[in-house]
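Trainee: Show me how the following folds:
(one chain, ligands or ions: 1)
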Amino acid sequence: MPCQTFHNVINNQLTSTVTTRHGINPANSQPNPDVPVSTPEDVNQAVQAARDAFGKWSKTSFTERRACLTAYADAIEANAEAFKQTLTVEQGKPLSQAATEVAMASQWIRGLSTIEIPQNVIAETEDRKVIQRYMPLGVVAAIVPWNFPVLLAIGKIAQAVYTGNAVIVKPSPFTPYCGLKLAELATPFFPPGLVQCLSGDDSLGPMLTEHPGIDKISFTGSTPTGKRVMASCSKTLKRVTLELGGNDPAIICDDVDIDAIGILSYLCSSQVCMMIKRLYVHESIYNTFLDRLVAFVKTLKVGDGTEADIFIGPVQNAMQFEKAKELLSTISSQKLKPALGGSVADSTAGGYFIHPTIIDNPPEDSTVVQEEPFAPILPVMKWSEEADVIQRANALQTGLGSSVWSKDFERATRIADQMQSGSVWVNSHFDVAPDVPFGGHKQSGMGVEWGLAGLLGYCNSQTQWLKKCL
Ligand code: NAD
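Mentor: As a prediction, this is how the structure comes out:
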């Protein structure tokens, strides 16, 4: 798959626009190739093509859809190397982490397209039958953020297509490249108009959420944007799934002696929605735990993700870099104590690098605890009473994930049962799978993606009352 030129994919044609723009390689601030800036006319064309494709596709069987999706997954696997390289250059994550994301994409297609969608017979007597069945919605717009541009686009494509819908993908303007190539690669496997991709500037998302020809928005991104998306969708009562930001707590009990937990805070330069962002450590082990965590995180190499052994790449874009610098400035303005890092890293290449930072026991009301950092800056806090740490862990308006760590499984699950978040892990903090629903409580989202529940979010429920004789 050649990755030098990038086009919109409309009705299985590669199209260009008069105006173009480009992303930036965050490791060196160099421009990546030009991509289209879609206009309202491009959106109208794509929506019309999607509506045309939907008519026939909605009547195909799950077996036919699964066969097309499986062939598509094979093609992604065959082009994994090109996707991996493109992903690192556009997103910044190290090649090894890019490889994992690309591998997950085909795994998600296969996993999602083997889930059975039930048809429920609610009542059946001699003369009457009542059925609940699920029907596709129509045209889905998939709005994708810049942190996992491959996996999150593919999750939405696979769910939409498998349930009988057409899909238009809108990647983030910061990371449009893999999304455009995913749609280009889809063209031999799906009818024209079924899987399309439009790249654009900040005006494109609202064009999609406002469009009367689109039936559902599947949105992954920040909480403030999610609120705007929902407000816009209310005008046409579009279906909406919102996967939003999180500020996940992890509660470490006094019998825990793991230092590699740092991995779960610094993957993808800490720009993952569900990862440990507030670490609560029992006071009786706090000092030893912190020392070991600092020693471990010091071993994680920072640099350009295309180089060997790098674990922490740059943060993804200039805006995020500025936000991270602002957060680092709270170390002095809010009198915080860094146990590690605390500054931006020198970069001769002009990349957006930050030293992994650990803040030693900041107050609960400090910005670094209250706000999702989305940069490698981790607050570690002490706790002593179980009820108190549960209250602090649940105190925020976010509720995406949380975890509890202990050798005492009963104790860990007792605490886990009280967590207010869409996912709760015991002795882990990252497990996801295509057949397991994922979503947020409170302001971390609405609805779920993946699993049967995720697939049903791409369907209308229909109840049929069938009287057998007249
Ligand atoms: P963002 O909200 O800025 O942008 C997300 C997408 O929405 C982009 O494609 C953007 O172009 C588009 N967009 C922006 N304004 C829009 C509007 N008014 N209407 C429609 N679309 C619009 O988010 P981001 O900075 O790209 O991503 C980071 C955020 O995403 C973090 O908060 C992170 O926690 C969250 N996230 C959540 C999940 C999850 O599954 N819950 C997964 C990944 C990321």
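Trainee: Any residues of the chain in contact with the ligand? List them.
Mentor: Contact residues, the chain versus the ligand (C-beta under 6 Å from any ligand atom): 143-148, 170, 172-173, 205-206, 209, 220-222, 225, 228-229, 243-246, 273, 372, 374, 400, 440, 445. Glycine gets a C-beta too; all of them are placed from N, C-alpha and C.
Trainee: Just those residues: which are in helices?
Mentor: Counted as lying in helices by DSSP state H, out of the residues of the chain next to the ligand, are 205, 206, 209, 225, 228, 229.
Trainee: What is the neighbour count of the nearest residue to the second one once chain neighbours are set aside?
Mentor: So the one you mean is residue 206. Nearest residue to residue 206, sequence neighbours excluded (C-beta to C-beta, 6 or more residues apart in numbering): residue 232, at 6.3 Å. By the measure other C-beta atoms under 10 Å, the count of residues near residue 232 is 18.
Trainee: Run the chain-centre distance for the helix or strand encompassing residue 232.
Mentor: Assessed by DSSP states H and E, residue 232 sits inside helix 223-234. On the basis of C-alpha atoms, centre = their mean, to the nearest Å, helix 223-234 sits 17 Å off its chain's mean C-alpha point.
Trainee: how far away is residue 37 from the ligand?
Mentor: To the ligand, residue 37 is 12 Å away according to C-beta to the nearest ligand atom, to the nearest Å.
Trainee: which of the ones in helices among the residues of the chain next to the ligand lies closest to residue 253?
Mentor: residue 225 (36.1 Å; C-beta to C-beta).
Trainee: Number of residues surrounding the closest one?
Mentor: That count, for residue 225 with other C-beta under 10 Å as the rule, works out to 17.
Trainee: Would you enumerate the residues in contact with it?
Mentor: Counting by C-beta atoms under 8 Å, 6 or more residues apart in numbering, residue 225 touches 205, 219.
Trainee: Next, residue 369: secondary structure please.
Mentor: helix (DSSP: H, G, I helix; E, B strand; the rest coil).
Trainee: picking that back up, tell me the buried residues within the ones in helices among the residues of the chain next to the ligand.
Mentor: For these, a neighbour count by 16 or more other C-beta atoms under 10 Å gives the buried set as 205, 209, 225, 229.
Trainee: contacting residues around the second one?
Mentor: Applying C-beta under 8 Å, 6+ apart, one finds that residue 209 lies in contact with 141, 143, 217, 229, 232, 233, 238.
Trainee: In the stretch 151-300 of the chain, mark out all the strands, start to finish.
Mentor: Counting by DSSP state E, counting those that start in this stretch, the stretch 151-300 of the chain has strands at residues 166-170, 195-197, 216-220, 239-243, 249-252, 278-282.
Trainee: For residue 67, find the nearest of the ones you listed.
Mentor: strand 195-197 (14.9 Å).
Trainee: burial count for residue 441?
Mentor: 20.
Trainee: Give the closest residue to it in space, chain neighbours not counted.
Mentor: Per C-beta to C-beta, 6+ apart, closest to residue 441 is residue 399, 3.3 Å.
Trainee: ok, now how distant is residue 39 from residue 20?
Mentor: Distance of residue 39 to residue 20, given as C-beta to C-beta, to the nearest Å: 12 Å.
Trainee: give me the residue from this protein nearest the ligand.
Mentor: Per C-beta to the nearest ligand atom, residue 205 is where the chain lies closest to the ligand, at 2.2 Å.
Trainee: Now do the nearest residue to that residue once chain neighbours are set aside: how many residues are near it, please.
Mentor: Nearest-residue entry for residue 205: residue 143, 5.7 Å, with adjacent residues in sequence omitted and distances by C-beta to C-beta, 6+ apart. For residue 143, the neighbour count with other C-beta under 10 Å is 25.
Trainee: any idea which helix or strand carries residue 392?
Mentor: With DSSP H and E as the test, residue 392 turns up in helix 386-393.
Trainee: which one of the contacts of residue 209 is nearest residue 30?
Mentor: residue 143 (26.8 Å).
Trainee: need the contact list for the closest one.
Mentor: Going by C-beta under 8 Å, 6+ apart, the list of residues near residue 143 reads 170, 205, 208, 209, 217, 218, 219, 220, 221, 229.
Trainee: Is residue 121 part of a helix or strand, or is it coil?
Mentor: Taking three-state DSSP as the rule, one finds residue 121 in the strand state.
Trainee: again with residue 460
Mentor: strand.
Trainee: quick one: it and residue 137, what's the gap?
Mentor: 6 Å.
Trainee: which one of the two has more residues nearby?
Mentor: residue 137 (22 against 14).
Trainee: Next, the distance between the ends of stretch 88-95.
Mentor: End-to-end distance for stretch 88-95, by C-alpha to C-alpha, to the nearest Å: 6 Å.
Trainee: mind checking which helix or strand of this structure has the lowest mean pLDDT?
Mentor: The helix or strand of the chain with the poorest confidence is helix 263-266; it has a mean of 91 (mean pLDDT, DSSP states H and E).
Trainee: Show me what the helix or strand harbouring residue 379 pairs with in its sheet, parallel or antiparallel.
Mentor: Assigned by DSSP H and E, residue 379 belongs to strand 377-383. In the sheet, strand 377-383 lines up against strand 278-282 (parallel), strand 357-360 (parallel) (DSSP bridges).
Trainee: Tabulate those in TSV, adding columns for mean pLDDT and mean neighbour count.
Mentor: Listed next are the strands paired with strand 377-383 as TSV, based on pLDDT from 0 to 100; neighbours: other C-beta atoms under 10 Å:
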stretch	mean pLDDT	mean neighbour count
strand 278-282	98	24
strand 357-360	98	23
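Trainee: Filter the residues of the chain next to the ligand down to the buried ones and hand me the PyMOL line.
Mentor: Selection of buried members from the residues of the chain next to the ligand for PyMOL, criterion 16+ other C-beta under 10 Å:
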select buried, resi 143+144+145+146+147+148+170+172+173+205+209+220+221+225+229+243+244+245+246+273+372+374+400+440+445
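Trainee: give me every residue that touches residue 205.
Mentor: Going by C-beta under 8 Å, 6+ apart, residue 205 touches 143, 170, 225, 229.
Trainee: Which two of those residues have the greatest separation?
Mentor: 170 and 225 (12.2 Å).
Trainee: Export the host helix or strand of residue 454 to PDB, keeping only CA atoms.
Mentor: In the assignment (DSSP H and E), residue 454 maps to helix 451-456. Extracted in PDB, the C-alpha atoms of helix 451-456 (Å, rounded to 0.1, in the frame of the first residue of the first chain):
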ATOM      1  CA  GLY A 451     -19.500  -6.300  22.400                       C
ATOM      2  CA  LEU A 452     -23.200  -7.100  21.700                       C
ATOM      3  CA  ALA A 453     -24.300  -3.900  23.600                       C
ATOM      4  CA  GLY A 454     -22.000  -1.800  21.300                       C
ATOM      5  CA  LEU A 455     -23.400  -3.400  18.200                       C
ATOM      6  CA  LEU A 456     -27.000  -2.800  19.300                       C
END
